[in-house]
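A.B. asks: would you be able to build a 3D model of this:
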Amino acid sequence: MMDRIVAISGGVTSPKGFAAASYAAGIKYRDREDMALIYSEQPCMAAGVFTSNVVKAAPVVWDQQVVEKADYVKAVIINSGIANACTGEEGMKLCRATAKTAAEVTGDGAENILVASTGVIGMQIPVDRIVQGTKELLKRKDTSEEAGTKAAQAIMTTDTHKKETAMTVALSSGTVTIGGMCKGSGMIHPDMCTMLGFITTDAAISKTLLQRALSEVVQDTFNMISVDGDTSTNDTLVVLANGMAGNQEIIAEDEDYQTIKEALYRICEYLAKQMAGDGEGATALLEVTVQKAKTKADAKILAKSVVCSSLVKAMIYGHDANAGRIMCALGYSGVSFRPEKVDLYFTSSAGKILVFQGGIAADYSEEEATKILSEPEVTVVVDMHEGDASATAWGCDLTYDYVKINADYRS
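C.D. replies: You can find the predicted model right below:
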């Protein structure tokens with residue numbers, strides 16, 4: 001199956017029939033483009049997952065209704081800088097105004113337009129700027145790879161780089177393409193998908209199966225990353241499928257469905273790792289793999305406990321092989337296990353080293369361990385020796401800059 005999925009250059013405009021655009025609306029930022037559009041020539045089946053935070057931004061409430069009730073989706077309008085969260089009825093009016101403006105141009109209904117926002121919570125977005133920005137986006141829409149890349153850049157807040165990817169997928173009745181982009185750097189914690197993410201595909205697939213695949217894939221990708229332990233009010237991940245590749249519609253959980261699901265997993269895993277490694281102020285991507293656990297659920301809890309530990313994150317930043325902090329994080333995870341059976345390894349492009357064996361410190365070189373921990377991507381391997389289940393979580397180190405960035409975020 002894996003050789004049927006090939007990574008290609010591009011993002012959300014890679015699949016047939018999808019266009020994108022970006023525009024500087026001046027919603028909060030004055031020095032960059034801050035609005036983006038994703039548009040499809042043909043109506044799309046839509047699937048989505050959203051934040052579990054009780055405090056949900058107005059766009060989340062709007063999009064949940066669209067994904068659940070609308071027959072199709074035609075476009076997504078996104079802004080960065082202000083989150084349109086904790087904005088009351090004014091926030092919902094803004095969503096309606098944005099969607100109505102787009103629908104008047106596309107010839108669809110407001111209920112066929114998705115909206116998304118990211119940025120400061122509690123501020124109102126100027127309606128005139130979002131409406132004008134929406135009109136400009138639709139004028140500028142383009143199917144080029146550059147348009148998709150600029151859209152990925154326009155949705156950034158504290159991100160240091162754009163996050164996009166694309167793949168072709170060989171199915172039994174033809175080749176389809178999947179593209180994706182996301183943003184996320186802070187307020188990242190596993191409890192849905194922890195960001196704004198948009199995935200497009202020209203595959204023909206039923207809405208039910210598209211939603212099923214997305215909901216399952218999220219559990220092992222975006223739900224396994226953490227930067228700071230804060231679950232956002234605006235978390236949104238949607239997939240749009242317009243069927244323009246001409247493949248036979250996927251309506252059963254057959255081999256084609258499994259192939260599409262695997263490709264969707266790879267798209268989401270790539271974007272999730274990009275987010276984790278670009279955590280606010282981060283200098284390193286931290287990957288934690290728990291293997292030979294009793295159950296998959298145990299492995300996921302253990303891996304997330306380690307990747308979420310502030311002390312472990314600080315340890316990675318200091319390149320200090322203080323593996324006792326990892327044992328501590330495993331111990332308070334809530335999973336019952338035998339500490340005396342646990343082995344711990346550090347690994348990176350600089351090598352691999354055993355630091356704990358049988359629950360006690362191993363005889364290892366501190367110098368070698370520091371060298372391994374000094375790479376931009378570091379993996380902690382935890383061998384529980386209790387079963388055959390495994391799971392991986394992703395995060396980043398904790399640096400001085402995280403505090404600096406968030407101490408003056410609104411200004």
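
A.B. asks: I figured Asp383 hits Thr289, correct?
C.D. replies: No - here Asp383 lies out of contact with Thr289, judged by C-beta atoms under 8 Å, at a distance of 9.3 Å. Where C-beta positions appear, they are placed from N, C-alpha and C, glycine not excepted.

A.B. asks: tell me the average confidence for stretch 150-165?
C.D. replies: Averaged across stretch 150-165, the pLDDT comes to 90.

A.B. asks: which parts of it are buried?
C.D. replies: 150-159, 162-165 (16 or more other C-beta atoms under 10 Å).

A.B. asks: same check, this time on stretch 353-363
C.D. replies: Judged by neighbour count using 16+ other C-beta under 10 Å, the buried positions of stretch 353-363 are 353-356.

A.B. asks: now do it: distance from first to last residue.
C.D. replies: Taking C-alpha to C-alpha, to the nearest Å, the first and last residues of stretch 353-363 lie 10 Å apart.

A.B. asks: so which residues make contact with that stretch?
C.D. replies: Here stretch 353-363 makes contact (C-beta atoms under 8 Å, 6 or more residues apart in numbering) with 321, 323-324, 326-327, 338-347, 364-365, 368-369, 372.

A.B. asks: ditto for stretch 304-320
C.D. replies: With C-beta under 8 Å, 6+ apart, stretch 304-320 has contacts from 189-190, 224-226, 229, 283-284, 286, 288, 290, 321-322, 325-326, 328-330, 332-335, 370, 373-374, 378, 380, 382, 393-399.

A.B. asks: just the buried ones from those residues, in PyMOL syntax?
C.D. replies: Paste this into PyMOL to select the buried members of the contacts of stretch 304-320, with burial taken from 16+ other C-beta under 10 Å:
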select buried, resi 189+190+224+225+226+283+284+286+288+290+321+322+325+326+328+329+330+333+335+373+378+380+382+393+394+395+396+397+398+399
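
A.B. asks: what about the contacts of stretch 304-320, which are in helices?
C.D. replies: The helices, defined by DSSP state H, take in 325-326, 328-330, 370, 373 from the contacts of stretch 304-320.

A.B. asks: ok, of these, which one's closest to Pro59?
C.D. replies: Ala329 (34.4 Å; C-beta to C-beta).

A.B. asks: just give the nearest non-adjacent residue to the closest one, would you?
C.D. replies: Distances taken as C-beta to C-beta, 6 or more residues apart in numbering put Ser309 closest to Ala329, at 4.1 Å, once the chain neighbours are dropped.

A.B. asks: okay, buried residues for the helix or strand where Ala303 lies please.
C.D. replies: Using DSSP states H and E, the element containing Ala303 is helix 296-307. For helix 296-307, the neighbour count (16+ other C-beta under 10 Å) marks 296, 298-307 as buried.
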